[in-house]
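**Student:** need a 3D model of the sequence below.
(one chain, ligands or ions: 2)
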Amino acid sequence: MSGSDPGSDRDPDRDSDSDPNANLEFEFRPFSLELASPLETSNGTIESRDGFLVRLADENGVVGYGEATPLPGWTESRDDCRAALERAQDAFRAGGPNEALEAVDRQVAARHAVSLALADLQSSRHATPLYRYLGNGPMVGRVPVNATVGDCSPAETRTAVREASERGYACCKLKVGLRSVEEDIERVREARDAVDDAVELRADANEAWTYEDAESALEAFADLGVSLVEQPLPAGALEGHADLRRMDTGVDIALDEGLLEHGVDAICDAEAADAVVLKPMALGGVDVARRVAAWVMEVDIAPIVTTTIDGVVARTGAVHLAAAIPDVPACGLATAELLAEDLGRDPVLLEKGAAVVPQAKGLGIEGVWEE
Ligand SMILES: O=C(O)CCC(=O)c1ccccc1C(=O)O
Ligand SMILES: [Mg+2]
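**Tutor:** Residues are numbered from 1 along each chain as shown. Ligands and ions are numbered 1, 2, ... in the order given. Below you'll find the model as predicted:
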């Protein structure tokens, strides 16, 4: 974290006059959010998102919110997440923020919630929007976002991409890999045909393909002007992805599951990616994701921020993260519409293919706890 560390000067005899965190209240409670319609990916169908909302409050009434929305395969289980948050609560009361973060160090969704609540609280105290606290950078009005199109028929793909472009999206990401490569190529052909060439098309195979599948898909996708394919091969296949890059089709290779499995160093050494996908919920927080972004940008790998279809608290955190990254490419942040319900009012307006970044203090979230 680039801001001042909320717990570094903690006094063992916690004195509320000198330590603003001495009497912080730490609470959390469960929630369950249904999706508007299930999101089909080649790794399974997401039907609902169940997690925990965290709330910190200090004696002056300053509040910080965090969200832990575990997704099996990407994060710890819901049970492990709850147990970790219970430990964090105890550690918070006995020690302070640093002890709480330590208690959730290996549970990424729980760490996401605790670190986000602290960052929201701290940036609120400084009357700074979270993204400026994270990045120390300039004011940013909006970040570009992609529309997310789940697996569906070629005709439905055409309609979904056309509708997204009519709503102003300049980038659409199609989930692929559930159908044959031939049919996915057909879907991309329909998508390409449905919109102006200026609309960027991406695909996300979520590890579905063999090397041969990926070769044929990339060749066809290149002709259809697809800009990037996310995780064509299984996460373990670092060399395979490097080989796909060396085909030099013009289609960029992004690693998502592969980043979580291998980390930045191994990806750089293998020259396995043009871009990496940063999911704060799976990386352990927006602070961790911000550091990964800075690191990969130094070696010319593009950081793309996405959610795991999170509630409004985590989603807004991801918008702030994207706003803290200079010249961020289109990010997978238009996921609110995939949910049938939410934790509270959304402070992020989606307009013409961009997320309008909240400029209020902290996350800019209000009214998610009361109700
Ligand atoms: O990136 C997007 O457009 C939306 C997010 C998304 O695709 C996703 C959502 C949940 C779990 C995994 C993924 C993924 O990128 O693979
Ligand atoms: Mg992905």
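
**Student:** please count neighbours and contacts with C-alpha atoms only from this point.
**Tutor:** OK.

**Student:** ok, and the closest non-adjacent residue to the closest residue to ligand 1 within the stretch 51-200 of the chain?
**Tutor:** At 4.3 Å from ligand 1, Thr148 is the closest residue in the stretch 51-200 of the chain, using Cα to the nearest ligand atom. In this structure, Thr148 finds its nearest non-sequential neighbour in Lys173, 5.1 Å apart by Cα to Cα, 6 or more residues apart in numbering.

**Student:** please identify the helix or strand for the one you found.
**Tutor:** Element membership for Lys173 (DSSP states H and E) is strand 171-175.

**Student:** Val292 now?
**Tutor:** helix 286-298.

**Student:** how about low-confidence regions in the stretch 1-150 of the chain?
**Tutor:** 1-18 (pLDDT under 70).

**Student:** got the CA positions of stretch 310-328 in PDB?
**Tutor:** Provided in PDB are the C-alpha atoms of stretch 310-328 (Å, rounded to 0.1, in the frame of the first residue of the first chain):
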ATOM      1  CA  ASP A 310     -18.400  -9.600  -7.400                       C
ATOM      2  CA  GLY A 311     -20.900  -7.500  -5.500                       C
ATOM      3  CA  VAL A 312     -20.800  -3.700  -5.600                       C
ATOM      4  CA  VAL A 313     -18.100  -3.300  -2.900                       C
ATOM      5  CA  ALA A 314     -15.500  -5.500  -4.600                       C
ATOM      6  CA  ARG A 315     -16.500  -4.300  -8.100                       C
ATOM      7  CA  THR A 316     -16.000  -0.700  -7.100                       C
ATOM      8  CA  GLY A 317     -12.600  -1.600  -5.600                       C
ATOM      9  CA  ALA A 318     -11.700  -3.100  -9.000                       C
ATOM     10  CA  VAL A 319     -12.700   0.100 -10.800                       C
ATOM     11  CA  HIS A 320     -10.500   2.100  -8.400                       C
ATOM     12  CA  LEU A 321      -7.600  -0.300  -9.100                       C
ATOM     13  CA  ALA A 322      -8.100   0.100 -12.900                       C
ATOM     14  CA  ALA A 323      -8.100   3.900 -12.400                       C
ATOM     15  CA  ALA A 324      -4.800   3.700 -10.500                       C
ATOM     16  CA  ILE A 325      -3.100   2.000 -13.500                       C
ATOM     17  CA  PRO A 326      -1.900   4.500 -16.200                       C
ATOM     18  CA  ASP A 327      -3.400   3.900 -19.700                       C
ATOM     19  CA  VAL A 328      -5.200   0.700 -18.600                       C
END
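
**Student:** check whether it contacts ligand 1.
**Tutor:** No - with Cα under 6 Å from any ligand atom as the criterion, ligand 1 is not reached by stretch 310-328; the gap is at least 8.4 Å.

**Student:** in that stretch, which residues are buried?
**Tutor:** 310-325, 328 (16 or more other Cα atoms under 10 Å).

**Student:** please flag which of those residues sit within strands.
**Tutor:** Among the buried residues of stretch 310-328, no residue falls in strands (DSSP state E).

**Student:** which of those fall in helices?
**Tutor:** Using DSSP state H, the subset of the buried residues of stretch 310-328 located in helices is Val312, Val313, Ala314, Arg315, Thr316, Gly317, Ala318, Val319, His320, Leu321, Ala322, Ala323.

**Student:** and of those, the nearest to Asp300?
**Tutor:** Ala322 (16.8 Å; Cα to Cα).

**Student:** next up, the contacts around the closest one.
**Tutor:** Shown in contact with Ala322 (Cα atoms under 8 Å, 6 or more residues apart in numbering): Tyr131, Val143, Ile304, Val305, Val328, Cys331.

**Student:** next secondary structure after the strand or helix carrying Glu86?
**Tutor:** Assigned by DSSP H and E, Glu86 falls within helix 78-94. Downstream of helix 78-94, the first helix or strand assigned by DSSP H and E is helix 97-103.
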